[in-house]
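*Asks:* pasting the structure only:
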């Protein structure tokens, strides 16, 4: 789970650092950060708390660690589907600016309701049956918007970008929907531990699109310096420059000798004149 946390937060940081002006990139980062928060919550629960509280005996930080763990889990379960749907709305560009702003506010409602009836402290309870009733439509609507925007896109370059975005997001979020919500609502646990495989697939697609083509308007330029070819060229250029300088110096010496001869001739002419 630590790997999942670093992977998702790394992707989120890349998107937000290189192009934070795009609204779609910001919401893609929100989705990645929220998803990665779930991995960090598992690390705190299964590793950090065990070592610090049970093994070392730091009981005074147990409450703080539990609160952080519950908060991260809450964000992962509820903010991830919200962030994905808002990202799909923004990236698909099917709504005008006013409706986009309004949808961002309205779609927050289920998260506030879940926080009111199922608080994160002292004991976090995720009602997977209840959560599935609104998380599933959120994710399905987001997927439909992404697919609709892809099939409606006419520009070849933008269509290819949308293809890579869909390939990175849709399988990942669909797998998370099944393992994190639907299966757990049926009391089928532990399948969510395989999420890092599908997240790894999404990250691979992201980096392929980022390096070879373009991913959400971002393209990573990789330059390979061919030193094997550069050094001989430098040596050849240096030798040529050395040869040119030698010729120039030789010419300067010849010109200097010629000037001396001319001066000597002038003096001889003057002496003959005065005689």
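*Replies:* Done, it's in. Quick caveat, the model's predicted, so the values are computed rather than measured. Numbers count the residues shown, from 1 in each chain.
*Asks:* Work out for me the element residue 100 sits within.
*Replies:* Applying DSSP states H and E as the criterion places residue 100 in helix 97-106.
*Asks:* Counting neighbours, what do you get for residue 153?
*Replies:* Residue 153: 17 surrounding residues under other Cβ atoms under 10 Å. Yep, even glycine has a C-beta here, placed from its N, CA and C like the rest.
*Asks:* Can you report how many residues neighbour the closest residue to it other than its chain neighbours?
*Replies:* Nearest in space to residue 153, with sequence neighbours left out and distances taken as Cβ to Cβ, 6 or more residues apart in numbering, is residue 159 at 4.3 Å. If you count neighbours by other Cβ under 10 Å, residue 159 ends up with 14.
*Asks:* swap in the one 4 residues further on?
*Replies:* Residues lying near residue 163 (other Cβ under 10 Å) number 15.
*Asks:* need the contact list for the nearest residue to residue 206 once chain neighbours are set aside.
*Replies:* Nearest residue to residue 206, sequence neighbours excluded (Cβ to Cβ, 6+ apart): residue 168, at 4.9 Å. The contact partners of residue 168, by Cβ atoms under 8 Å, 6 or more residues apart in numbering, come to 202, 203, 205, 206, 209, 215.
*Asks:* so after the helix or strand where residue 168 lies, what's the next helix or strand?
*Replies:* Residue 168 is part of helix 156-177 when elements are defined by DSSP H and E. The first helix or strand that comes after helix 156-177 along the chain, using DSSP H and E, is helix 183-185.
*Asks:* roughly how far is that following helix from the heart of the chain?
*Replies:* 30 Å (Cα atoms, centre = their mean, to the nearest Å).
*Asks:* for it, packing partners?
*Replies:* helix 128-152 (3 or more Cβ pairs under 8 Å, 6 or more residues apart in numbering; DSSP states H and E).
*Asks:* Next, the buried residues of stretch 83-93.
*Replies:* Neighbour counts using 16 or more other Cβ atoms under 10 Å place 83, 84, 85, 86, 87, 88, 89, 90, 91, 92 of stretch 83-93 among the buried residues.
*Asks:* For the third one, which three-state class applies?
*Replies:* Three-state assignment for residue 85 (DSSP: H, G, I helix; E, B strand; the rest coil): helix.
*Asks:* which ones are touching it?
*Replies:* Residues near residue 85 by Cβ under 8 Å, 6+ apart: 107, 138, 139, 141, 142.
*Asks:* make it 6 Å
*Replies:* 138, 141, 142 (Cβ atoms under 6 Å, 6 or more residues apart in numbering).
*Asks:* So it versus residue 172, what's the distance?
*Replies:* Residue 85 sits 14 Å away from residue 172, going by Cβ to Cβ, to the nearest Å.
*Asks:* got it, and the second one?
*Replies:* According to Cβ to Cβ, residue 84 stands 10 Å off from residue 172.
*Asks:* Could you list the low-pLDDT ranges of this protein?
*Replies:* 1, 53-60, 214, 216-275 (pLDDT under 70).
*Asks:* can you list the domain ranges for it.
*Replies:* Structural domains annotated on the chain: 2-212, 224-275, as defined by automatic domain parsing.
*Asks:* most neighbours per residue, which of these?
*Replies:* Compared across those, domain 2-212 shows the largest average neighbour count, a mean of 17 (mean count of other Cβ atoms under 10 Å).
*Asks:* Distance check, the nearest residue in space to residue 127 that is not next to it in sequence against residue 181.
*Replies:* Nearest in space to residue 127, with sequence neighbours left out and distances taken as Cβ to Cβ, 6+ apart, is residue 118 at 6.0 Å. Distance of residue 118 to residue 181, computed by Cβ to Cβ: 14 Å.
*Asks:* ditto for residue 74
*Replies:* Residue 74 is 14 Å from residue 181, by Cβ to Cβ.
*Asks:* Which helix or which strand is home to the nearest residue to residue 203 once chain neighbours are set aside?
*Replies:* Nearest non-adjacent residue to residue 203, counting by Cβ to Cβ, 6+ apart: residue 7, 5.2 Å away. Here residue 7 is covered by helix 2-18, with elements defined by DSSP H and E.
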